[in-house]
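>>> sequence unknown, structure follows:
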Ligand code: OXD
Ligand code: MN
């Protein structure tokens, strides 16, 4: 397998930018090579790191014993060179149909986040997870004791980077230098991870430069690993699925991930930092780190921002980039996955998107479902596990009308694939595009604003084929927190779950809580004491079906009609009726102009039988999973709802 220096030397002849990089490599940025614990720093300047950061790196060099060290500066030349190294390794191949786009194929055993192997490590188990009822398996996270984590780290990381380059990535979650942003240092032996982190976060020297000795940073250690028998099955995608482990130690602001190179397992800024460690920092500092998109919506020249939590693969990216069908509306995108939100000194809730790119689920994205994403992703993008077309492009389920009829298709595993006869999907259901947010044609002008955007409303949503109305407004803050806590949705391809089951996914955060969910609820409830300007909260469900199994609502751009109703509620318009489950639109109060065949009554029907069952599932879930840690306010919400339906 070529090493960084080798790959670089050869590719140096193919472009002046790489040529410059070559020179830089030979001289190092200070004209001489450095060593760290006896290991050569073959690229970048170790002196840009603070002493604390350097000492963290030194510790990990001692542990992992890499062949070389590369300190990422985030430059274009560095990126070009890494991409050419990845190409030589066979990890990625170019997609000549587009500009600077690449296709990566993973080891088929490494295609999703692995929740069962993801742990939070605290002294006390109850700091991480509520105690489930005896005999019930807890599903609100996995706990590990510190000694166990230390042992697991030594077992896996000792010498794990032998013959590999260790990349050191200083990165910022949120705009560099913003008081709402946080910094991390990721160490990894995967150049694919470096290239992806460069898209998904802000990396390099600019970040290192804003750090002082007082800057706290999240320590992120990652290795793709090597199986215990030493045999790397697929050299272009090394991994160790048997021993994969993703661990978080909130107390030390530390993440350690071993064995997987894929998505949230390896791009540690995303789920591990921005949500799991982020939520623990947020609890301590009094703010919220949430699995939410952020969008701006303008109606008649008035702009508002909305944050929305949906479980993975429920269309967050589609909503964040929606093209409204109603005239006079404009949606702009701040972020599609994560929101960090806090109340400012004027009591206004403000949010930043801590990310810098979109790591979107590819299948289902098309010119009809999300034309804006399609305008975003065909340059400077790394696609992973999608199918390839014979004209040098990509293909996935949903793109049937977006490719030439005559092209041949190679599936995500590299095998010929036939539209008519193949029985397996062309693209892996959790295949992804990793693309810079700045390329989105409707990126919000304030998306990098250091003070964040003002949030007027929060939405929760899930895939609910039955029972849950298109939109419901929460009665008050406690009810809003109850709504978030009782969120359920059909399972997702982003995780390892199989089949279509309705899973509890409170706040769309179930795989991402960094601490005990009961304490998380307390934290949300406490927002009421922090401000007199709480945002209004709504539950949406685009996915309700008729008895015949047809979707009752067209979704996509038509969802602006739901947002329109929300905006009118924010203006206190009298367009809502009170029901036991919250406020729903008064008949004829939603703008359905130009839509035919919308069955308002069925979309908003509140079926007592459904709700009896729903409440008893929620109650059982809270009882079994949260037990004593369930805040009383939530228990009361549950009881009062139950009382209503039992009596009707
Ligand atoms: C994601 C997820 O990748 O939620 O965003 O799984
Ligand atoms: Mn997500």
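Yep, that arrived. Bear in mind the structure is a predicted one, so any value in this text is a computation, not a measurement. Numbering: from 1, shown residues only. Ligands and ions are numbered 1, 2, ... in the order given.

>>> before we move on, what SS does the closest residue to residue 233 other than its chain neighbours have?
Excluding the flanking residues, the one nearest residue 233 by C-beta to C-beta, 6 or more residues apart in numbering is residue 107, at 6.4 Å. Where you see a C-beta, it was placed from the backbone N, CA and C, and this is true even at glycine. Secondary structure, DSSP: H, G, I helix; E, B strand; the rest coil: residue 107 is coil.

>>> OK, contacts around residue 107?
Residue 107 is in contact with 233, 234, 237, 238, 239, 241, counting by C-beta atoms under 8 Å, 6 or more residues apart in numbering.

>>> Name the member of the residues you listed with the most neighbours.
residue 239 (27 neighbours; other C-beta atoms under 10 Å).

>>> Would you mind confirming that it is in contact with residue 108?
No. With contact defined as C-beta atoms under 8 Å, residue 239 does not count as touching residue 108 (10.4 Å).

>>> What does the pLDDT read for the residue nearest to residue 233?
Looking at residue 107, its pLDDT is 98.

>>> For it, grab phi and psi.
Here is the backbone geometry of residue 107 (degrees, to the nearest 10): phi -60, psi 130.

>>> just residue 396 next, same as before
The phi/psi pair for residue 396 (degrees, to the nearest 10) reads phi -150, psi 170.

>>> Return the distance of it relative to residue 386.
Separation of residue 396 from residue 386 (C-beta to C-beta, to the nearest Å): 5 Å.

>>> Check residue 285 too.
Using C-beta to C-beta, residue 285 is found at 39 Å from residue 386.

>>> quick one: which of the two has more around it?
Between residue 285 and residue 386, counting by other C-beta under 10 Å, residue 386 is the more crowded of the two (27 against 9).

>>> Next to ligand 1, which bits of this structure? Give me the list.
Residues of the chain lying close to ligand 1 (C-beta under 6 Å from any ligand atom) are 113, 263, 264, 312, 337, 359, 494.

>>> Identify the residue spatially nearest to whichever residue of the stretch 501-648 of the chain sits closest to ligand 1, adjacent ones excluded.
For the stretch 501-648 of the chain, the residue closest to ligand 1 is residue 511, as judged by C-beta to the nearest ligand atom, at 7.4 Å. With sequence-adjacent residues excluded and distances taken as C-beta to C-beta, 6+ apart, residue 511 is closest to residue 115, at 5.0 Å.

>>> Surely that neighbour and residue 513 touch.
No. In this structure, residue 115 is not within contact of residue 513 by C-beta under 8 Å, at 11.2 Å.

>>> quick one, which of the two is more surrounded?
In terms of neighbours (other C-beta under 10 Å), residue 513 is the more surrounded of residue 115 and residue 513; the figures are 23 against 18.

>>> Please state the backbone phi and psi of that one?
According to degrees, to the nearest 10, the main-chain angles of residue 513 amount to phi -60, psi 140.

>>> hang on, the earlier thing: overlap in contacts of residue 396 and residue 386?
Contacts common to residue 396 and residue 386, judged by C-beta under 8 Å, 6+ apart, are 362, 427, 431.

>>> Could you say which helix or strand holds residue 391?
Residue 391 is part of no helix or strand when elements are defined by DSSP states H and E.

>>> Chain neighbours aside, what residue packs nearest to it?
Distances taken as C-beta to C-beta, 6+ apart place residue 407 nearest to residue 391, at 5.2 Å, with adjacent residues excluded.

>>> Return the residues in contact with that neighbour.
The contact partners of residue 407, taken as C-beta under 8 Å, 6+ apart, are 389, 390, 391, 393, 395.

>>> Neighbour-wise, give me the winner out of those.
Within the contacts of residue 407, most neighbours by other C-beta under 10 Å means residue 395, with 25 neighbours.

>>> Against ligand 2, how distant is the residue nearest to it when sequence neighbours are not counted?
Using C-beta to C-beta, 6+ apart and skipping residues adjacent in sequence, the residue nearest residue 395 is residue 387, 4.3 Å away. Separation of residue 387 from ligand 2 (C-beta to the ion, to the nearest Å): 23 Å.

>>> can I assume residue 387 is in contact with residue 394?
Yes. Using C-beta under 8 Å, residue 387 is in contact with residue 394, at 6.8 Å.

>>> Residue 219: neighbouring residues, count only.
Other residues near residue 219 come to 23 when the count uses other C-beta under 10 Å.

>>> packing partners for the helix or strand containing it?
Taking DSSP H and E as the definition, residue 219 sits inside strand 217-223. Strand 217-223 sits against helix 51-64, helix 146-157, strand 182-188, strand 254-258, with contacts defined as 3 or more C-beta pairs under 8 Å, 6 or more residues apart in numbering; DSSP states H and E.

>>> And the average pLDDT for whichever helix or strand comes after that strand is what?
Using DSSP H and E, the helix or strand that follows strand 217-223 in sequence is strand 245-249. Per-region confidence: strand 245-249 scores 98 on mean pLDDT.

>>> Neighbouring strands - and their directions - for strand 245-249?
In the sheet, strand 245-249 lines up against strand 118-121 (parallel), strand 254-258 (antiparallel) (DSSP bridges).

>>> Minimum distance to residue 294: which of those strands has it?
Closest to residue 294 of the strands paired with strand 245-249, according to C-beta to C-beta: strand 254-258, at 23.9 Å.

>>> Identify the residues contacting that closest one?
149, 152-153, 156-157, 160, 218-223, 225, 240, 243-249, 265-266, 268, 272-273, 276-277.

>>> go with 6 Å
In this structure, residues lying in contact with strand 254-258 by C-beta atoms under 6 Å, 6 or more residues apart in numbering are 153, 156, 219-223, 225, 245-248, 265, 268, 272.

>>> now that strand: mean pLDDT?
Mean predicted confidence for strand 254-258 is 98.
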